[in-house]
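Student: Need the 3D shape of this:
(2 chains)
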Number of protein chains: 2
Amino acid sequence: MKGVVAINPGGADQLAYVERPKPTIEENQLLIEVHATAINRTDILQREGKSGYATNPIIGIEVAGVVVDSSDPQVSTGERVMGLVNGGAYAEYAIMPAKRAIKIPNSLSFEEAAAIPEVFLTAYQTLYWIGKLQASESVLIHAGGSGVGTAAIQLAKQLSKAQVLVTAGSANKLKVCRELGADVTINYKEQDFEEEVKKETDGKGVSLILDFIGASYWERNYQSIAVDGRWVLIGVLGGSTVEKVRLMDIMAKRVQLTGTLLTPRSDVYKAELSEDFSSRVLPLFENGRIQPIIDTVFPIEEVQKAHERMEANQNIGKILLKVR
Amino acid sequence: MKGVVAINPGGADQLAYVERPKPTIEENQLLIEVHATAINRTDILQREGKSGYATNPIIGIEVAGVVVDSSDPQVSTGERVMGLVNGGAYAEYAIMPAKRAIKIPNSLSFEEAAAIPEVFLTAYQTLYWIGKLQASESVLIHAGGSGVGTAAIQLAKQLSKAQVLVTAGSANKLKVCRELGADVTINYKEQDFEEEVKKETDGKGVSLILDFIGASYWERNYQSIAVDGRWVLIGVLGGSTVEKVRLMDIMAKRVQLTGTLLTPRSDVYKAELSEDFSSRVLPLFENGRIQPIIDTVFPIEEVQKAHERMEANQNIGKILLKVR
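Tutor: Just a heads-up that it's a prediction; the model follows:
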């Protein structure tokens, strides 16, 4: 079979779709005939040789496809599933731990399904498992046009009726955020987001921040958070090193700051998250209240273009690879 | 009646026990004839004019005494109670919100009772409400000889059978910590605590840190914490400003950092905490498995000496004032 690897650690030009051994299943695993997969920022780190925990030379962490071999009696061959894999997603076949398989609703195509697992599981995990978002609370979502951003906006509105405040860097991205349910949209290139947040929350600040940005927004995020607010750190697109952190401020506002990454977590964690997600969120896809947001679909042979598009921050929603 | 105020913001020499109006109760309040009260670090901040949220000129936030007037049908006059007050504790009479009153077990004197509320409620709140300490987990408690430290050691052993690691700065303090149940005691002046923590936790680090120290221990606390560890920040004795915080580290270890202060929290919060504490912890005082740790008892007229002793970090456990 064929799969995408980085010939040498480096740029998108290092990606190649090459012949690789077809994997075989062990206990509690599924062999998936991959129909579609999706690009994530962690894939870029792996391509650059910076990921630290990737062991499979084939890139990619999520797939949608058909089960063609199973060692778990609860999952049959022929089933349409989506879910997280431990690497190896950009390929004709991939191995999935059986307990992570999420059944694809009949209403969704394989491409639509491939746009779901990583970003919706991450958004669900950060909003609810870590961020404990409650009805009537408010949440600030940075990078509102990103894959996780577009997923989080929908979940926060549909599961919690929370007040959703979003930042993004273009009018077009903000328009999509509003269509998905965002109550307040802020163009960070034109407005001071912390001032808008204060204005829209009667000076109190938000209950929860989903922070993909890190260092460059540190002070403004602190200004934006409410007393007893939760601050979930899931990315450092704006830099990793904060020059000065004032601990008395963290105590005075009783802030809870939690760092998280989904990909390196355990099989057990991912299985429990996938199961909870299936029962609470899948029905909302089935009745159309939540939708996967697709930016572009590239044939897998054009994987280099797909990576370049993500690195240019041009996408609104997910960039997909069609495998078959 | 008489109460202790700071004549001018400043040192312990500014404290004076002076004639003040006797307070009267409003709805849902108790008037307490104070028998004993205790020194807390927040009292020193108030004395220095740095507290920011104190409104009562009489210093002090906890008392033990007898109810002499009540507007709450659930609390009768004549009852022996202890609990947190909104200032005004260093006095012959103090007002307590009725829902914060904790009945004093018959086995305890007023002085023993006055050594309980602030430090045991803080330790209980940080270990369990915020820190979510579980059986078989490990906890690192800095300033093990302090009031909160000696309370936290006992709670973590008696409620959770957790592995308890403590730091302190003298052999005598460490000996008391061991007697209270600490499994590992580390003299921070002679040992690198992060190395001892790693050794005693098989390289994994601790599940929970109670951090009274802040900036000066930041890096070593990070080295000491386990993946998915909780880090509760409740003091900045070692400085408030951390230079260069690496957010990727917080994400990689999935650290949850929570700042907290008990005194400025709401009436509702303190009432719920006092109630939960009464049902879960009071029985352990009654059967002697947990004990209040008293360092010294000063007559209230010697309040200056009591503050000086705390500022010299000489105490093991609580410094009390006997009022009558």
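
Student: ok, the residue sitting nearest the centre point of chain A to chain B distance?
Tutor: In chain A, the centroid-proximal residue (Cα atoms, centre = their mean) is residue A:119; its distance is 2.3 Å. Look at residue A:119 and chain B: by Cβ to the nearest Cβ, to the nearest Å, they are 17 Å apart. No exception for glycine: its C-beta is placed from N, CA and C like everyone else's.

Student: And residue A:262, by the same measure?
Tutor: Remark: distance between residue A:262 and chain B (Cβ to the nearest Cβ) = 10 Å.

Student: That residue touches residue A:120, doesn't it?
Tutor: No: the criterion here is Cβ atoms under 8 Å, and residue A:262 misses it with residue A:120 at 11.1 Å.

Student: okay, those two: which has more neighbours?
Tutor: Per other Cβ atoms under 10 Å in any protein chain shown, whichever of residue A:262 and residue A:120 has more neighbours is residue A:120, with 26 against 22.

Student: OK, contacts around the nearest residue to the more buried one once chain neighbours are set aside?
Tutor: Distances taken as Cβ to Cβ, 6 or more residues apart in numbering or on different chains put residue A:151 closest to residue A:120, at 4.6 Å, once the chain neighbours are dropped. Counting by Cβ atoms under 8 Å, 6 or more residues apart in numbering or on different chains, residue A:151 touches A:119-120, A:122-124, A:293.

Student: Likewise for residue A:102?
Tutor: A:81-83, A:116-117, A:274, A:277-278, A:282.

Student: rerun that using 10 Å as the cut-off
Tutor: A:64, A:81-84, A:96, A:113, A:116-117, A:120-121, A:274-275, A:277-278, A:281-282 (Cβ atoms under 10 Å, 6 or more residues apart in numbering or on different chains).

Student: picking up where we left off before, name the residues contacting each of residue A:262 and residue A:120.
Tutor: Listed as contacting both residue A:262 and residue A:120 by Cβ under 10 Å, 6+ apart are residue A:148.

Student: Quick check: pLDDT value at the nearest residue to residue A:224 once chain neighbours are set aside.
Tutor: Closest residue to residue A:224 apart from its sequence neighbours, by Cβ to Cβ, 6+ apart: residue A:197 at 4.2 Å. Note for residue A:197: predicted pLDDT of 98.

Student: re the thing from before, helix, strand or coil: sort out the residue nearest to the centre of chain A for me.
Tutor: Put simply, residue A:119 is helix when judged by DSSP: H, G, I helix; E, B strand; the rest coil.

Student: hang on, it packs against residue A:82?
Tutor: No: Residue A:119 is beyond contact range of residue A:82, at 11.8 Å (criterion: Cβ atoms under 10 Å).

Student: Overlap of the contact sets of the two?
Tutor: A:38, A:62, A:292.

Student: Distance to residue A:242 and pLDDT for the contacts of residue A:151 - can I get that in a markdown table?
Tutor: Below are those laid out as a markdown table (distance: Cβ to Cβ, whole Å; pLDDT from 0 to 100):
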| residue | distance to residue A:242 | pLDDT |
| --- | --- | --- |
| A:119 | 26 | 95 |
| A:120 | 29 | 97 |
| A:122 | 23 | 96 |
| A:123 | 24 | 97 |
| A:124 | 27 | 97 |
| A:293 | 31 | 94 |
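
Student: what's the spacing between the closest residue to the residue nearest to the centre of chain A other than its chain neighbours and residue A:304?
Tutor: Spatial nearest neighbour of residue A:119, chain neighbours left out: residue A:147 (3.9 Å); criterion: Cβ to Cβ, 6+ apart. Between residue A:147 and residue A:304 the computed distance is 19 Å (Cβ to Cβ, to the nearest Å).

Student: Please apply the same query to residue A:12.
Tutor: For residue A:12 relative to residue A:304 (Cβ to Cβ), the value is 5 Å.

Student: So is the helix or strand that residue A:248 is a member of next to chain B?
Tutor: Using DSSP states H and E, residue A:248 sits in helix A:247-252. Yes: Helix A:247-252 reaches chain B (Cβ under 10 Å from any Cβ of the partner chain) through A:247-252.

Student: so how far is that helix from its chain's centroid?
Tutor: 30 Å (Cα atoms, centre = their mean, to the nearest Å).

Student: same deal with stretch A:121-141?
Tutor: 13 Å.

Student: export it as CSV, just CAs?
Tutor: Extracted in CSV, the C-alpha atoms of stretch A:121-141 (Å, rounded to 0.1, in the frame of the first residue of the first chain):
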residue,chain,number,x,y,z
LEU,A,121,-12.7,15.7,20.4
THR,A,122,-10.2,18.4,21.3
ALA,A,123,-12.9,21.0,21.5
TYR,A,124,-15.2,18.7,23.5
GLN,A,125,-12.4,17.7,25.9
THR,A,126,-11.1,21.3,26.5
LEU,A,127,-14.6,22.9,26.8
TYR,A,128,-16.2,20.1,29.0
TRP,A,129,-13.7,17.6,30.5
ILE,A,130,-11.1,20.3,31.4
GLY,A,131,-12.9,23.6,31.1
LYS,A,132,-16.2,22.5,32.8
LEU,A,133,-18.2,24.9,30.8
GLN,A,134,-21.7,25.5,32.2
ALA,A,135,-24.9,26.9,30.8
SER,A,136,-25.0,30.7,31.1
GLU,A,137,-21.2,31.0,31.3
SER,A,138,-19.1,32.7,28.7
VAL,A,139,-16.1,31.4,26.6
LEU,A,140,-13.4,33.2,24.6
ILE,A,141,-12.3,31.1,21.7
